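**Student:** here is my input, please return the structure:
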Amino acid sequence: MILVHPWALLLLVLVPLAWFLPRRPRDLGEGLLRSLLLGLLILALARPLVPTRDEGGRLVWIADRSASVEAPAPSPAAQAEALPFTLAPHVRLARIDLEGEATPLGAALQRAAASIPPEGRGAVLLDSDGLSTDRDWARATQALAQRGIPVHILPRRARPGPPRPAAIEPRGELRVGRPARVVVRVRDGEADCRVRLIGPEGVLAEAPLEEEGRALLEFEPDRPGWLAVTAEVEGRDGAIERLEVSLAVQDPLRVLYLG
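**Tutor:** Numbers count the residues shown, from 1 in each chain. Predicted structure coming up:
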């Protein structure tokens with residue numbers, strides 16, 4: 001047994017007051033009953049818990065049925081046949097469905113972790129195309145790793161959609177006083193789409209999409225620190241998709257010239 005608030009047991013020193021307040025008991029039985037009730041109330045404030053171990057284990061299946069997935073997720077029975085491992089009879093299966101336009105994988109992983117008891121055994125099956133619409137999935141996976149909960153991946157094919165930025169990668173160190181090179185990788189890119197890199201004060205650079213599905217953009221930072229940039233990809237139909245990141249810009253190099 002564990003106590004959530006063990007400090008509450010310090011209130012047990014007040015139990016003798018039950019023999020005097022609000023008045024003296026009429027007999028021994030009433031005094032003992034008062035003391036017992038007050039002691040039980042203090043014990044309830046301490047919140048005793050008896051941890052139990054889930055011997056059967058639990059598998060949490062995150063089924064991505066969002067609009068970006070090419071085909072809907074199969075039924076649990078059909079999915080069990082495609083698992084890369086055998087599901088033991090005593091393992092309980094829980095399912096989290098992701099539907100609609102958004103794919104919040106970070107929130108789904110947090111729900112999966114909450115579905116597994118703290119002292120129990122379990123695993124997570126991520127059945128998704130990986131196109132997360134939230135940015136906090138790394139924190140959720142780190143929390144699962146700290147608990148020793150494995151995450152098994154079943155990759156699914158993404159439905160072709162409008163071109164959208166997938167990553168913003170600086171080439172080398174960004175420093176004030178010299179050109180900065182940034183590569184924007186585009187998913188489902190079209191030959192004639194344009195890529196723009198936008199900073200706090202406007203457009204920093206613009207370039208066409210290359211055959212490798214990326215665009216190389218160059219600009220010169222004017223101040224050190226964190227630079228919030230947005231990559232915009234505009235398709236042939238005028239639709240614009242965006243991706244926001246922060247880039248670290250270093251101080252300019254200071255060189256002492258002795259002539």
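
**Student:** quick one: the residue nearest to E101 when sequence neighbours are not counted from E99, how far?
**Tutor:** With Cβ to Cβ, 6 or more residues apart in numbering as the measure, A67 is the residue that lies nearest to E101, at 5.2 Å, once sequence neighbours are left out. All C-beta spots, glycine's among them, are computed from the backbone N, C-alpha and C. Computed as Cβ to Cβ, to the nearest Å, the A67 to E99 distance reads 9 Å.

**Student:** low pLDDT regions in the stretch 101-250 of the chain?
**Tutor:** For the stretch 101-250 of the chain, the stretches with pLDDT under 70 are 102, 133-136, 190-191.

**Student:** how near is the residue nearest to E101 to E206?
**Tutor:** In terms of Cβ to Cβ, A67 sits 29 Å off from E206.

**Student:** between the two, point out the one with more neighbours.
**Tutor:** Between A67 and E206, E206 has the larger neighbour count (other Cβ atoms under 10 Å), namely 15 against 11.

**Student:** next, the more buried one: phi, psi?
**Tutor:** phi -150, psi 140 (degrees, to the nearest 10).

**Student:** for the residue nearest to E101, list the residues it contacts.
**Tutor:** 100-101, 159 (Cβ atoms under 8 Å, 6 or more residues apart in numbering).

**Student:** roughly how far apart are R171 and L216?
**Tutor:** Counting by Cβ to Cβ - R171 and L216 are separated by 8 Å.

**Student:** among the contacts of A67, who's most crowded?
**Tutor:** Counting neighbours by other Cβ under 10 Å, R159 leads the contacts of A67 with 14 neighbours.

**Student:** how about it, phi and psi?
**Tutor:** Dihedral angles (degrees, to the nearest 10) for R159: phi -70, psi 130.
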